[in-house]
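Trainee: Fold the following and give me the result.
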Amino acid sequence: MEASKAQPPQGAPIAAPTTALQADALVQFVSTKWDEDIVPQLVEYIRIPNKSPMFDAEWASHGFMDAAVALMHDWARAQDVPGMTVEVVRLDNRTPLIFIDIPATDDRAGDDCVLLYGHLDKQPEMTGWDEGLGPWEPVIRGDRLYGRGGADDGYAIFGSLAAIQALQQQGAAHARCVVLIEACEESGSGDLPAYVDHLADRIGKPSLVVCLDSGCGNYEQLWCTTSLRGLAGGNLTVKVLEEGVHSGDASGIVPSSFRLLRQLLSRIEDSGSGRILIDSLHVDVPADRLAQAGKVAEVLGEEVYDKFPLLPGMTPMFDDRHDLSELVLNRTWRPALSITGVDGIPPLASAGNVLRPYTAVKLSLRLPPTLDGKRAGDTLKDVLERDPPNGAQVTLDLEKASSGWNAPASAPWLERAIDTASNEFFGKPAIYMGEGGTIPFMGMLGEKFPAAQFMITGVLGPHSNAHGPNEFLHIPMGKRVTACVARVIAEHHAASLRGETTGAAALAGGEQHGEHGCC
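Mentor: Next up, the predicted model:
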């Protein structure tokens with residue numbers, strides 16, 4: 001990792017940082033910390049198959065989650081951070097949580113504080129890993145550390161503490177910092193609200209929440225997440241017979257359950273364009289998000305879609321203008337339907353000439369960030385079950401209906417701090433982008449801490465393939481993100497002294513974003 005000279009973005013110059021830091025020294029400290037300490041810890045962490053409870057119902061008895069918690073807890077306890085306390089908190093019938101409390105360097109910021117969030121649970125193995133790679137077998141190839149969970153989101157606790165240590169190594173001031181590392185994010189963060197409520201008095205009144213579990217459009221600058229889509233989905237079943245019958249005898253008389261399913265799907269999606277046809281599932285995209293989508297398209301160019309392993313000759317879902325910004329908006333602010341599973345259809349090798357009694361599919365409908373998830377789920381169920389074709393038995397069993405999240409407007413001090421950090425450690429301005437996935441914890445934290453500012457960033461960039469085969473952590477990106485977090489924490493302290501930050505205690509609640517898996 002090398003420090004780069006700041007390059008102001010197009011349009012307006014970046015204000016000078018208000019906290020003096022020796023960038024070269026900070027870069028050196030962070031790089032050495034990663035190479036000598038963090039990467040070896042992540043290697044051992046990747047070896048632990050601590051799958052999230054949704055994918056390992058016996059997680060408690062298997063002991064893998066406890067092993068991952070112990071690894072991180074013991075590492076954190078060994079760090080030289082004056083006054084820091086590290087604790088594993090356990091509530092009955094819930095996954096454990098690591099709670100770290102780091103006192104402020106001085107009392108000038110009062111009770112202001114920064115909350116840093118991450119998670120340690122993992123997605124399941126998935127098939128298709130390249131030869132020599134595997135989910136629980138860490139492999140370093142060049143700048144990449146392969147294996148499940150290193151980038152999603154094992155590095156978070158290490159990067160958070162390294163950022164704070166980098167400041168303390170220079171004698172730079174920071175407010176009190178609290179680190180929360182949960183163990184059920186990949187199952188929807190169902191335990192997180194209970195822990196935040198339980199720890200509310202100890203957490204205090206954060207005016208800045210830093211989350212290190214998001215994506216990046218490239219590895220060349222700092223990316224900050226501004227929105228996440230919601231999700232409505234479940235199992236749609238169309239049944240026409242009590243049992244399967246000879247297709248030569250019944251076809252032409254008995255309607256095909258597959259054809260009727262196609263009819264029902266055509267109620268919600270234009271099969272030609274993929275556009276969702278239900279007007280109430282669309283929202284007006286805010287002007288600032290439109291502008292950000294245009295900037296993302298300008299920066300990434302064809303990488304907007306080239307990052308996906310498209311087959312030769314395959315084209316993305318362009319509109320007539322082939323506007324890249326429309327693809328960005330499709331991914332971040334528009335509803336989109338995917339079929340992620342099927343039942344009632346035998347594999348090809350055992351498919352006889354039978355008119356099958358039913359067809360079932362699993363629907364995954366992404367929702368705009370500001371759309372009410374529960375209302376969208378109700379709408380989806382009503383549209384699909386109303387007036388069943390040919391009197392078929394049609395049911396939609398909703399499994400999830402959760403709202404997305406749209407970040408609050410950034411305070412001027414935070415915008416300056418983020419751009420300063422990106423220019424300082426990448427040599428390019430920061431980029432703001434929505435994410436197409438659904439991460440329930442963000443909406444929960446937004447509800448819990450409505451007065452706080454949010455810095456949502458991460459290391460999951462092109463081809464890093466979180467949740468899939470060949471997942472990797474881009475090590476130089478991890479280093480630079482760590483340095484950027486250090487800069488932002490330092491600038492937060494300066495802003496606090498100027499009276500520009502506002503914190504508030506956690507509010508009770510925060511359940512409406514769903515308890516389904518992170519997706």
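Trainee: Kindly list the main-chain dihedrals of the closest residue in space to Gly248 that isn't next to it in sequence?
Mentor: The shortest distance from Gly248 to any non-neighbouring residue, by Cβ to Cβ, 6 or more residues apart in numbering, is to Asn353 (6.3 Å). Just so you know, the C-beta spots here come from the backbone N, C-alpha and C atoms, and that holds for glycine as well. Dihedral pair for Asn353: phi -80, psi 70, per degrees, to the nearest 10.
Trainee: how deep is Asn353 tucked in, by neighbour count?
Mentor: Here the count is done by other Cβ atoms under 10 Å, and Asn353 has 9 residues near it.
Trainee: Report the contact partners of it.
Mentor: His246, Ser247, Gly248 (Cβ atoms under 8 Å, 6 or more residues apart in numbering).
Trainee: roughly how far apart are the last one and Leu260?
Mentor: Using Cβ to Cβ, to the nearest Å, Gly248 is found at 20 Å from Leu260.
Trainee: Also the first one?
Mentor: Computed with Cβ to Cβ, the distance linking His246 and Leu260 is 19 Å.
Trainee: Mind checking which of those two has more residues around it?
Mentor: Using other Cβ under 10 Å as the criterion, His246 and Leu260 rank with Leu260 on top: 19 against 11.
Trainee: Tell me the pLDDT of that one.
Mentor: According to the predicted model, the pLDDT of Leu260 comes to 98.
Trainee: With Pro17 instead?
Mentor: Value listed for Pro17 in the pLDDT field: 68.
Trainee: what does the one 3 residues further on give?
Mentor: Each residue has a pLDDT score; the one for Ala20 is 88.
Trainee: what about it, neighbour count?
Mentor: For Ala20, the tally of surrounding residues (other Cβ under 10 Å) stands at 10.
Trainee: Chain neighbours aside, what residue packs nearest to it?
Mentor: The spatial neighbour of Ala20 that comes closest, neighbours along the chain excluded (Cβ to Cβ, 6+ apart), is Ala172 at 7.8 Å.
Trainee: again with Phe425
Mentor: Across the structure, with Cβ to Cβ, 6+ apart as the measure, the residue nearest Phe425 apart from its sequence neighbours is Ala483 (4.4 Å).
Trainee: Doesn't the one you found lie inside a helix?
Mentor: Yes: assigned with DSSP: H, G, I helix; E, B strand; the rest coil, Ala483 falls within a helix.
Trainee: that older thread, pLDDT value on the residue nearest to Gly248, please?
Mentor: Listed pLDDT for Asn353 reads 97.
Trainee: I figured Ser52 hits Gly190, correct?
Mentor: No: counting by Cβ atoms under 8 Å, Ser52 sits too far from Gly190 to count as a contact (10.3 Å).
Trainee: got any residues that touch both of the two?
Mentor: If you check Ser52 and Gly190 against Cβ under 8 Å, 6+ apart, the residues they both contact are Cys184.
Trainee: the more surrounded of these two?
Mentor: When neighbours are counted by other Cβ under 10 Å, Ser52 and Gly190 differ, and Ser52 comes out ahead with 25 against 22.
Trainee: For the nearest residue in space to that one that is not next to it in sequence, what are phi and psi?
Mentor: Leaving aside its chain neighbours, Ser52 sits nearest to Glu186 (3.6 Å; criterion: Cβ to Cβ, 6+ apart). Here the main-chain torsion angles of Glu186 (degrees, to the nearest 10) amount to phi -70, psi -10.
Trainee: And His322, by the same measure?
Mentor: With angles defined as degrees, to the nearest 10, His322 shows backbone torsions of phi 50, psi 40.
Trainee: if I pick the residue nearest to Phe425, what's in contact with it?
Mentor: Neighbour list for Ala483: Met1, Leu26, Val27, Val30, Ala163, Ala166, Ala421, Glu424, Phe425 [criterion: Cβ under 8 Å, 6+ apart].
Trainee: please redo it, this time with the cut-off set to 6 Å
Mentor: Under the criterion of Cβ atoms under 6 Å, 6 or more residues apart in numbering, the contact partners of Ala483 comprise Leu26, Val30, Phe425.
Trainee: Neighbours of Ala417, how many?
Mentor: The criterion is other Cβ under 10 Å. On that basis, Ala417 has 29 neighbouring residues.
Trainee: what do you get for Leu396?
Mentor: Using other Cβ under 10 Å as the criterion, Leu396 is surrounded by 20 other residues.
Trainee: wouldn't it be in contact with Leu236 here?
Mentor: Yes: contact criterion Cβ atoms under 6 Å: Leu396 and Leu236 qualify, at 5.0 Å.
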